[in-house]
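# When you get a sec, could you give me coordinates for this:
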Amino acid sequence: MELTASFRVLLDSFAPVFTEPSYATFCLLMTGWILSTRHRYVTDLIISSDSVSNGHFTDYHRFFSQAAWDIDELWKILAQLLVAVFVGDQGRILLAGDDTLCRKRGLSLFGAGMHHDPLISSRKKKLVRWGHDWVIVALIVVSPWWAPGKVLALPIGARLYRNRQGVTKGKGKAKLPAARASATKTAGRSEKRKRKLQKCAARRDRRQAARQARKASSSPKAKAAPPSTPHRTRPELLRELLTLVASWFPERKLLVLVDSLYSGESVLQYLPENMDLIGPVHPKAALYEPAPAPAAGRRGPHRKKGKRLPGLQAWADQPTRWTTFTFDQYGLHTTLEVKTTQGLYYTAGKDRLLTFVLSRDGEGERPTRIFYCTDLALDSREILSLYSHRWAIEVMHYDVKQHLGFEDPANRTPLAVQRTAPMALFLYSLTVLWYHQDGHRHLQFPNRPWYPEKSEPSFADMLTSLRRQSWDEKLSPVQPRSTPWRKKLGLLKYLAALAG
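Next up is the predicted model:
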């Protein structure tokens, strides 16, 4: 089974990343991933692509776990294709960064850990779930011509976050010595006495191991040695992705939209020179005026910041005039009252001058918040309008899990885990690109009398169009002549192509 020819042309763009045998395996796996309507296990991809008799099944597993290819090179080619088609040569590249949880099972799964699960949590009670936490950076596409009311987030990079417990699991622990001989000479005694002696022996062994570990860690040599697998936070992983994307487009201006987790010093202080940032300010953050000019004749170091600005509530309570803006766009349908100033977010950005926007919902549905922007040329309305586009990445998280099985892969080894699940993100972006270039001509909305006003496609419609077109080309040689059988075949193709 093969995908439609126009989609295979897009896959050919990534041939330089692989060797010739690996590229053939890559095409078969991506075909199975698109056509599969079940779990995206590697074995299911083999069946969906009709490749059961095409080589040994372990070849497909080894493509993810052992084959020599770099996933960052795959992301680079994809990002360049998307920017060339959706942004062009001159426009500003708009990005968004966020993380999402893929729920998993199994203690031996590489990189899995307990992470905050927003779906089962509430504002009062935070709950966690076992799984993988992926940090993702996506290209924001605003109002494509075939969906002028939509904003899309197309993934162009991902990193697996491992919490501190997952990184240090099994590291730096001394092996417990063998059980003492006194504990083994308990034959003939009662079972209760035997278990008690074994527990005492194990307790002595743990104490001895702990003393040895403390002694080793207190030596100067041990303190000087860096950890073999340093823990990296989610903001640090996003910073790595943003630096990578900025290196792909060194001559372009980029603007990234983030939520409160990624708007602190870990990202703001290390932004590439060609990148700006819009994000929320912590509700209790201390904001300052710019540092005054140094006084003539004054000795000592110059001041790094000026007077402290009012906090969130104090600024909102000031009698200064509010400016009212009405928004009616994707992700933002409300009226906001706004105040604007410039200053320093010293704990996060040091002496970098920022534009602060205080927004208050006139209808009371949104909390009062302060946003900052590193691009001083943008006004308050533009800042709030651009930040609302960040919602598209949340929609992408939903679609890629529901329709492309982002949570499905069951790989366990490190390289396979870091390569397999991101293929769902890769195919999401590639499917939207295919639809933009060719797939829109094959769009067919199902006959739904209860929903006649639908005019813009969802991602499920794009994926269904890709599957239907692939089945049309596959079954075109056997098209029946009679109208009843032709209708039945069309229904069969529709059911086979249905996404969801």
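
# how's the protein carved up into domains?
71-163+234-258+390-420, 181-224, 279-292+303-385 (automatic domain parsing).

# which of those is buried the deepest?
Mean neighbour count (mean count of other CB atoms under 10 Å) peaks for domain 71-163+234-258+390-420 among the domains of the chain, with a mean of 18. In short, each C-beta sits where N, CA and C put it, glycine included.

# where's that domain relative to the chain centroid, distance-wise?
2 Å (CA atoms, centre = their mean, to the nearest Å).

# go on, stretch 412-427?
On CA atoms, centre = their mean, the centre of stretch 412-427 falls 12 Å from the chain's centre.

# now the end-to-end length of it.
End-to-end distance for stretch 412-427, by CA to CA, to the nearest Å: 21 Å.

# For Val141, identify the helix or strand it belongs to.
strand 128-142 (DSSP states H and E).

# For that strand, what does the pLDDT average out to?
Averaging pLDDT along strand 128-142 gives 96.

# So which other helices or strands are in contact with it?
helix 71-82, strand 93-103, strand 113-116, strand 151-161, helix 234-248, helix 391-402, helix 422-437 (3 or more CB pairs under 8 Å, 6 or more residues apart in numbering; DSSP states H and E).

# relative to helix 422-437, how tilted is it?
Counting by axes from the mean of the first three to the mean of the last three CA atoms, to 10 degrees, strand 128-142 lies at 20 degrees to helix 422-437.

# Can you list the strands that strand 128-142 pairs with?
Sheet pairing of strand 128-142 (DSSP bridges) gives strand 93-103 (antiparallel), strand 113-116 (antiparallel), strand 151-161 (antiparallel).

# now those in JSON lines, with mean pLDDT and distance to Thr25?
Putting the strands paired with strand 128-142 into JSON lines (pLDDT from 0 to 100; distance: least, CB to CB, whole Å) gives the following:
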{"stretch": "strand 93-103", "mean pLDDT": "97", "distance to Thr25": "24"}
{"stretch": "strand 113-116", "mean pLDDT": "92", "distance to Thr25": "30"}
{"stretch": "strand 151-161", "mean pLDDT": "97", "distance to Thr25": "21"}
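
# Distance to Thr431 added to those, as JSON lines?
Formatted as JSON lines, those follow (distance: least, CB to CB, whole Å):
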{"stretch": "strand 93-103", "distance to Thr431": "18"}
{"stretch": "strand 113-116", "distance to Thr431": "27"}
{"stretch": "strand 151-161", "distance to Thr431": "10"}
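
# Pro301: which of those strands is closest?
strand 93-103 (35.3 Å; CB to CB).

# quick one, what contacts Val128?
Going by CB atoms under 8 Å, 6 or more residues apart in numbering, Val128 touches Met114, His115, His116, Asp117.

# Beta-bridge partners for it, please?
Residues in beta-bridge contact with Val128 (DSSP bridges): His116.

# Begin at 453, not 1, for the rest of this chat.
Okay, using 453 as the starting number, the last item reads as Val580.

# how far away is it from Leu553?
Distance of Val580 to Leu553, given as CB to CB, to the nearest Å: 9 Å.

# overlap in contacts of those two?
By CB under 8 Å, 6+ apart, Val580 and Leu553 have these common neighbours: His567, His568, Asp569.

# out of those, who's nearest Gly816?
Within the shared contacts of Val580 and Leu553, the smallest distance to Gly816 is 27.3 Å, found for His568 (CB to CB).

# For the closest one, list the residues it contacts.
Per CB under 8 Å, 6+ apart, neighbours of His568: Leu553, Lys578, Leu579, Val580.

# low-confidence ranges in the stretch 653-802 of the chain?
Across the stretch 653-802 of the chain, residues meeting the criterion (pLDDT under 70) sit at 667-681.

# just the helices in it please.
Assigned by DSSP state H, counting those that start in this stretch, the stretch 653-802 of the chain shows helices spanning 672-676, 686-700, 717-720, 764-769, 798-801.

# Quick one: those helices as a markdown table, columns for distance to Ile498 too.
Listed next are these as a markdown table, based on distance: least, CB to CB, whole Å:
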| stretch | distance to Ile498 |
| --- | --- |
| helix 672-676 | 48 |
| helix 686-700 | 31 |
| helix 717-720 | 40 |
| helix 764-769 | 55 |
| helix 798-801 | 48 |
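
# out of those helices, which comes closest to Leu612?
Ranking the helices of the stretch 653-802 of the chain by proximity to Leu612 (CB to CB) places helix 686-700 first, at 8.3 Å.

# Just the C-alphas of that closest one, formatted as CSV.
The C-alpha coordinates for helix 686-700 follow below in CSV (Å, rounded to 0.1, in the frame of the first residue of the first chain):
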residue,chain,number,x,y,z
ARG,A,686,11.5,22.0,30.7
PRO,A,687,12.5,25.7,30.2
GLU,A,688,16.1,24.6,29.5
LEU,A,689,14.8,22.1,26.9
LEU,A,690,12.7,24.7,25.2
ARG,A,691,15.7,27.1,25.2
GLU,A,692,17.7,24.4,23.4
LEU,A,693,14.9,24.0,20.8
LEU,A,694,14.6,27.8,20.3
THR,A,695,18.4,28.1,19.8
LEU,A,696,18.3,25.3,17.3
VAL,A,697,15.5,26.8,15.3
ALA,A,698,17.2,30.3,15.4
SER,A,699,20.3,28.7,13.9
TRP,A,700,18.2,27.3,11.0
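
# okay, the angle between it and strand 545-555?
Using the same axes, to 10 degrees, helix 686-700 lies at 140 degrees relative to strand 545-555.

# Kindly spell out which helices and strands sit in contact with helix 686-700.
For helix 686-700, the packing partners by 3+ CB pairs under 8 Å, 6+ apart come out as helix 523-534, strand 545-555, strand 580-594, strand 603-613, strand 706-709, helix 717-720.

# so Arg755 sits right up against Pro742, yeah?
No - the pair Arg755 / Pro742 is not scored as a contact, 9.8 Å apart, by CB atoms under 8 Å.

# what about Val461, which helix or strand?
Applying DSSP H and E, one finds Val461 within helix 457-464.

# Name the surrounding residues that touch that helix.
Contacts of helix 457-464 (CB under 8 Å, 6+ apart): 454-455, 478-479, 482, 486, 533, 882, 885-886, 889-891, 918, 921-922, 925.

# Show me what counts as buried in it.
Ser458, Phe459, Leu462, Leu463 (16 or more other CB atoms under 10 Å).

# just the angle between that helix and helix 523-534, please?
130 degrees.

# for helix 457-464, what is the average pLDDT?
95.

# which stretches of the stretch 503-652 of the chain have low pLDDT?
For the stretch 503-652 of the chain, counting by pLDDT under 70, the residues that fall below are 620-642.

# show me where the stretch 803-952 of the chain has strands.
Secondary structure of the stretch 803-952 of the chain by DSSP state E, counting those that start in this stretch: the strands cover 805-813, 821-825.
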